[in-house]
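Peer 1: Return a 3D structure for these sequence lines:
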Amino acid sequence: MLIVEDHQAYRALMGWFLQKFEVDHELVCNGQAALTAIALRHFDLVISDCRMPVLDGYSMAREIRRREAVHSRPRVPIIALTAKLSADDARRCLEAGMDAWLLKPLTLEQLRGVLEQWLPQPPGASTNPPATACAGAHWPTRAELIRTFGDEQVVNQMLRTLVREAEADYAGLVQACRIVDPHALVDCLHRLAGSLAFFGETELDRCAGELIEQVRKHGIRCNRRALQRFDQDLLVYLRYLTDL
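Peer 2: Purely as a prediction, here's the structure:
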């Protein structure tokens, strides 16, 4: 995998984490160096800072996606690494072609979760929609949505709107966890529960409801692990809807 980070100390920390996990990796200091590295070898995963000298992470991601399209290459997952994440930041990441994001400071366990989620599945693994801790028995298919709502254009618009709103609430959820604001976090979970139930039960909406109760009773810090897992499951489901 490839780490793109201009801060030397943080680059060294990421390298140490990956050595601990015995993951083959390369470290570079800006987006231009990353493009050069990618031209020379294939990487299964790219984690990149967003704001760097020479070439920033957004421009790097757009160029990677352009090259993939021109040369019919498989899509490499790109994870943004950023110190803050507003709704606009999240939208900018997605528009550049990034798949998800991580907030600094990154912990060893957070990186472990990213590697488990985004590195390639082992040979023979299922190619069905990814299983998650909150995944229900069934996720909606495009054909089912068209039958339900009666028009493909309506389905397309609804998917775009729902994903856009859920991404904004996800960004709010991450920020609320970061600053330990339980009221803002519960508000985001309420909105997400409604969005997630819109196309039918997925268990994610039930998980959101359970998290609301747990955060109200015990606060954010006691529920960080469950919230991190929910975040991961939510991103998988939103990516599924985006690609539907």
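
Peer 1: Please name the nearest non-neighbouring residue to residue 42.
Peer 2: Of all residues not flanking residue 42 in the chain, residue 76 sits nearest, at 7.8 Å (C-beta to C-beta, 6 or more residues apart in numbering). In short, each C-beta sits where N, CA and C put it, glycine included.

Peer 1: Tell me how this protein divides into domains.
Peer 2: 2-118, 142-243 (automatic domain parsing).

Peer 1: and these as JSON lines, adding mean neighbour count and mean pLDDT?
Peer 2: Below are these laid out as JSON lines (neighbours: other C-beta atoms under 10 Å; pLDDT from 0 to 100):
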{"stretch": "domain 2-118", "mean neighbour count": "17", "mean pLDDT": "89"}
{"stretch": "domain 142-243", "mean neighbour count": "17", "mean pLDDT": "86"}
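
Peer 1: Identify, by residue count, the longest helix of this structure.
Peer 2: helix 152-179 (DSSP state H).

Peer 1: Measure how far it is from the centre of its chain, please.
Peer 2: 12 Å (C-alpha atoms, centre = their mean, to the nearest Å).

Peer 1: Identify the residues contacting the following helix or strand past that helix?
Peer 2: Going down the chain from helix 152-179, the next helix or strand is helix 182-196, by DSSP states H and E. Residues from elsewhere that reach helix 182-196, judged by C-beta atoms under 8 Å, 6 or more residues apart in numbering: 162, 165-166, 169-170, 172-173, 175-177, 202, 204-205, 208-209, 211-212, 215-216, 219-220, 227, 234, 237.

Peer 1: roughly how far out does the helix or strand following helix 182-196 sit from the chain middle?
Peer 2: Per DSSP H and E, the first helix or strand lying C-terminal to helix 182-196 is helix 204-218. Distance of helix 204-218 from its chain centroid, counting by C-alpha atoms, centre = their mean, is 21 Å.

Peer 1: Kindly report the same for stretch 4-14.
Peer 2: On C-alpha atoms, centre = their mean, the centre of stretch 4-14 falls 21 Å from that of its chain.

Peer 1: Tell me who's in contact with residue 62.
Peer 2: 96, 97.

Peer 1: which SSE is it in?
Peer 2: Residue 62 belongs to helix 57-71, assigned by DSSP H and E.

Peer 1: returning to what we had before: who does the longest helix of the chain touch, helix- and strand-wise?
Peer 2: helix 87-96, helix 142-149, helix 182-196, helix 224-243 (3 or more C-beta pairs under 8 Å, 6 or more residues apart in numbering; DSSP states H and E).

Peer 1: quick one: contacts of the second one?
Peer 2: Taking contacts as C-beta under 8 Å, 6+ apart, the residues outside helix 142-149 that touch it are 152, 155, 158, 159, 199, 244.

Peer 1: so how far is residue 17 from the residue most central in space within the chain?
Peer 2: Among the residues of the chain, the one closest to the centroid is residue 100, at 2.6 Å (C-alpha atoms, centre = their mean). Distance of residue 100 to residue 17, computed by C-beta to C-beta, to the nearest Å: 17 Å.

Peer 1: Between helix 87-96 and the helix holding residue 62, find me the angle.
Peer 2: Between helix 57-71 and helix 87-96, the angle comes out at 20 degrees (axes from the mean of the first three to the mean of the last three C-alpha atoms, to 10 degrees).

Peer 1: could you dump helix 57-71 to PDB, C-alpha only?
Peer 2: C-alpha atoms of helix 57-71 as PDB (Å, rounded to 0.1, in the frame of the first residue of the first chain):
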ATOM      1  CA  GLY A  57      -4.400  14.900  -2.200                       C
ATOM      2  CA  TYR A  58      -7.500  16.000  -4.100                       C
ATOM      3  CA  SER A  59      -5.600  16.600  -7.300                       C
ATOM      4  CA  MET A  60      -3.700  13.400  -6.900                       C
ATOM      5  CA  ALA A  61      -6.900  11.400  -6.500                       C
ATOM      6  CA  ARG A  62      -8.500  13.000  -9.600                       C
ATOM      7  CA  GLU A  63      -5.400  12.100 -11.600                       C
ATOM      8  CA  ILE A  64      -5.400   8.500 -10.400                       C
ATOM      9  CA  ARG A  65      -9.000   8.200 -11.400                       C
ATOM     10  CA  ARG A  66      -8.300   9.700 -14.800                       C
ATOM     11  CA  ARG A  67      -5.500   7.300 -15.400                       C
ATOM     12  CA  GLU A  68      -7.700   4.400 -14.300                       C
ATOM     13  CA  ALA A  69     -10.400   5.400 -16.800                       C
ATOM     14  CA  VAL A  70      -8.000   6.000 -19.700                       C
ATOM     15  CA  HIS A  71      -6.100   2.700 -19.200                       C
END
